[in-house]
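Engineer: sequence-free structure coming up:
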């Protein structure tokens, strides 16, 4: 019985290794997509949490199935995938720079900014997640395609999204650093190259948007500081005096609608 279980585990491990090799190098996306077939198997009652086998001496040996270990590993990488392979990076940086430009140290609170960034991420990434569910998870759950094919189809929408947001210069840099041969097309770009290039491009874009946000508030700070200097009120902090004017300007131009709308539209 134990030998039979070991053979099953070896076969399962071999299948996972072939699936990883099919998508290039091991990546966060692969581990994330592995949750789909594992969850489907769990719903069918196929993944035991812990197995026990009688030991020769009368005791009991406990073992954890390789599928369960991979599922737990994949779940631990979901936050990293959410940060690095979606629009979350750009959104949270822009919101943080907005708070600094306004001069409010802790308003809105970090928890509010994180929550807003997460929901905006789900909103922007909704079409991509829908494609992954329709093209990869649903056929796999109905046993219409194999696991390796589901992984390939599930990674395609996410790769397409990241390629659209990645600058050619950033992509060329990581292709050069990885010493990858000339690529024939976008489908030849591996996630090992695409993910860091995508993150670098997102950082650049977020800083450019942050620069545009800072300019009007910086002008207000300079005007207020000049007026205080002319009035001889050097002991009064310009940041405290300019804060109401910056808040009023942001409210009058409907800043939240402009910012969130521009952020969402910048991805499409």
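Structural biologist: Alright, I've got the coordinates. What you see is a predicted model; the values in this text were computed from it and never measured.

Engineer: what ranges do the strands span in the protein?
Structural biologist: Per DSSP state E, the chain carries strands over the ranges 51-54, 60-63.

Engineer: lowest-confidence stretch among those?
Structural biologist: Among the strands of the chain, strand 60-63 carries the lowest mean pLDDT, a mean of 58.

Engineer: What is the burial count for the closest residue to residue 118 other than its chain neighbours?
Structural biologist: Spatial nearest neighbour of residue 118, excluding adjacent residues (CB to CB, 6 or more residues apart in numbering): residue 88 at 7.1 Å. Backbone N, C-alpha and C define where each C-beta goes, glycine included. Residue 88 has 22 neighbouring residues, counting by other CB atoms under 10 Å.

Engineer: Residue 104: neighbour count?
Structural biologist: When neighbours are counted by other CB under 10 Å, residue 104 comes out with 13.

Engineer: Pull the contacting residues for it.
Structural biologist: Contact analysis of residue 104 by CB atoms under 8 Å, 6 or more residues apart in numbering lists residue 243.

Engineer: ditto for residue 247
Structural biologist: Applying CB under 8 Å, 6+ apart, the residues contacting residue 247 are residue 102.

Engineer: Name the residues of stretch 152-164 that are buried.
Structural biologist: Neighbour-count burial for stretch 152-164 flags 152, 153, 154, 155, 157, 158, 159, 161, 162 (criterion: 16 or more other CB atoms under 10 Å).

Engineer: per-residue confidence at residue 98?
Structural biologist: At residue 98, pLDDT is 91.

Engineer: State the distance from the closest residue to it other than its chain neighbours to residue 110.
Structural biologist: Nearest non-adjacent residue to residue 98, counting by CB to CB, 6+ apart: residue 213, 5.6 Å away. From residue 213 across to residue 110, the span is 18 Å (CB to CB, to the nearest Å).

Engineer: Those two: which is more packed in?
Structural biologist: Higher neighbour count among residue 213 and residue 110: residue 213, with 20 against 12, using other CB under 10 Å.

Engineer: residues contacting the residue nearest to the spatial centre of the chain?
Structural biologist: Closest to where the C-alpha atoms of the chain average out (CA atoms, centre = their mean) is residue 82, at 2.7 Å. Residues near residue 82 by CB under 8 Å, 6+ apart: 88, 118, 121.

Engineer: nearest to residue 167, of these?
Structural biologist: Proximity of the contacts of residue 82 to residue 167 was ranked by CB to CB; the top entry is residue 88 with 18.5 Å.

Engineer: Would you confirm that residue 128 contacts residue 158?
Structural biologist: Yes: assessed by CB atoms under 8 Å, residue 128 is found in contact with residue 158 at 6.1 Å.

Engineer: residues contacting residue 198?
Structural biologist: 84, 85, 162, 165, 166, 170.

Engineer: Can you get me the start-to-end distance on stretch 160-169?
Structural biologist: 17 Å (CA to CA, to the nearest Å).

Engineer: Stretch 244-254: which residues count as buried?
Structural biologist: 246, 250.

Engineer: which stretches of the stretch 101-250 of the chain have low pLDDT?
Structural biologist: By pLDDT under 70, the low-scoring segments of the stretch 101-250 of the chain are 186.

Engineer: Alright, I will stop here.
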